[in-house]
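# Next come a sequence and a model predicted from it.
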Amino acid sequence: MMNLRHILVGILTLALNGAIAQQLPQLSQYQFNDYIINPAVAGSRPFFELRSGHRTQWVGIQDAPRTFTLSGATPVGEKMGIGGYIFTDNVGPTRRTGVQFSYAYHFKITGDLKLSFALSAGMLQFLIDGSKIDFHDPNDPVIDDQLRGGIKPDAKFGFYLYHPKFWLGATAPQILGNKITFLESSTSSLSRLQQHYYVSGGYRFFLGDDWRIEPSFLLKYVDPVPLKVDLTATIKYKNAVWLGASYRTNDAISVMLGYWHKQTFQFGYSYDMITSNLQNYSTGSHEVMVAITMGKTKRSVSADGE
């Protein structure tokens, strides 16, 4: 029986480690939901923001990832920012739920150039639903039909350099690298919370008073998966309406659009056209972002160039 248990652990390990890049939520609209990626963004914009995102990935493939995020961030005085978020990521019989709270401190370097550092801490729950796993022998008690998993502490560190015309940031999520086990009688680890490394940045080209073009990038690395690169370009009209396109290496091409109504209500939608071999099985991925922003302050510089 222990051999069967170890075989099951091995199979699930391969399944999870094969999707290491999915240990954290994947977002096509990362530049509009950047606090989820980098906690140092908290307080860089001069208003309170509450954002919700829902992503349905690889439509047409059974048990493909489905992700929900909810985040909030706000400046506190002139030099601080706080925030928090919760996410849930469902992939087949597995579910990840995470919650974190962050604190950021902002330094003024010169003029409109600022630098912030942040630390985020919280908990991560990883579950496997045995009732969603079909075995050849239903009487084989390798794993029962109950939810099994655990809760582990989690932490993230980041920095963010920003100016009305550009931004650059880096973050290291899951820096604790905790192990997750599912079978109480097994001493082996099913999977480890892999340390990730993200670098993001962009530039704003102002075309008169109404138009601007914003190229941006996101680099994602986690060993042993090859480096993933997101390259995005958006064009904005009066900082209210935007259209954009993005390319993610060995994965997808995305198109997106959005609207910011009176700098209060924000809506964004993106559609991913798959470029990998999965295109033969899926019609693509959909992502919706909804946000509320309010209480604009008199800060001299913000991350959105306002």
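The structure has been received and is ready for your questions.

# for this structure, what spans make up the helices?
Using DSSP state H, the helices of the chain run over residues 2-17, 34-37.

# Compare the mean pLDDT across those and name the weakest.
When the helices of the chain are ranked by mean pLDDT, helix 2-17 comes last with a mean of 44.

# what about Y198, neighbour count?
By the criterion of other CB atoms under 10 Å, Y198 has 21 neighbours. To be clear about C-beta, it is placed using only N, CA and C from the backbone, and glycine gets the same treatment.

# what's the closest non-adjacent residue to it?
When the adjacent residues along the chain are set aside, Y198 lies closest to T171, with 4.9 Å between them (CB to CB, 6 or more residues apart in numbering).

# Now do the contacts for the one you found.
By CB atoms under 8 Å, 6 or more residues apart in numbering, T171 lies in contact with 37-40, 156-159, 197-198.

# Now distance to T264 too, for these, in TSV please.
As requested, the contacts of T171 are arranged in TSV below (distance: CB to CB, whole Å):
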residue	distance to T264
I37	24
N38	24
P39	24
A40	25
K156	29
F157	32
G158	27
F159	29
Y197	35
Y198	29
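
# tell me which of these is nearest to F48?
The shortest gap between F48 and any of the contacts of T171 belongs to P39, at 15.9 Å (CB to CB).

# Can you give me the neighbour number for the closest one?
Residues lying near P39 (other CB under 10 Å) number 35.

# what sits against it?
Each residue near P39 by CB under 8 Å, 6+ apart is listed here: 83, 100, 102, 104, 118-120, 156-158, 171.

# In strands only, show me these.
Among the contacts of P39, the members falling in strands (DSSP state E) are 83, 100, 102, 104, 118-120, 156-158, 171.

# Around H196, how many other residues sit close by?
For H196, the count of nearby residues is 21 (other CB under 10 Å).

# Need the pLDDT of it.
Among the per-residue scores, H196 holds a pLDDT of 89.

# so it makes contact with L219?
No. In this structure, H196 sits apart from L219 without contact. The criterion is CB atoms under 8 Å, and the distance is 10.7 Å.

# Low-confidence regions, the stretch 101-250 of the chain specifically.
For the stretch 101-250 of the chain, the stretches with pLDDT under 70 are 130-147, 181-192.

# can you give me the strands for it?
Assigned by DSSP state E, counting those that start in this stretch, the strands in the stretch 101-250 of the chain fall at 113-129, 147-163, 166-173, 179-180, 191-192, 197-203, 205-207, 211-222, 225-237, 241-248.

# can you redo the ones you listed as a markdown table with distance to Q279?
Shown next, in a markdown table, are the strands of the stretch 101-250 of the chain (distance: least, CB to CB, whole Å):
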| stretch | distance to Q279 |
| --- | --- |
| strand 113-129 | 29 |
| strand 147-163 | 32 |
| strand 166-173 | 29 |
| strand 179-180 | 32 |
| strand 191-192 | 28 |
| strand 197-203 | 26 |
| strand 205-207 | 33 |
| strand 211-222 | 21 |
| strand 225-237 | 17 |
| strand 241-248 | 13 |
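
# Quick check: which of the ones you listed is nearest to I61?
The minimum distance between I61 and the strands of the stretch 101-250 of the chain falls on strand 241-248, with 17.1 Å, by CB to CB.

# which residues touch the closest one?
Outside strand 241-248, the residues touching it (CB under 8 Å, 6+ apart) are 28, 228-236, 253-260, 268, 270, 272.

# buried residues in it?
Counting neighbours by 16 or more other CB atoms under 10 Å, one finds that the buried residues in strand 241-248 are 242, 244, 246, 248.

# And for stretch 215-229?
Residues of stretch 215-229 classed as buried under the neighbour-count rule (16+ other CB under 10 Å) are 216-220, 222, 228-229.

# among the residues you listed, which two are most distant?
Using CB to CB for every pair in the buried residues of stretch 215-229, the one that comes out farthest apart is S216 and V222, at 20.6 Å.
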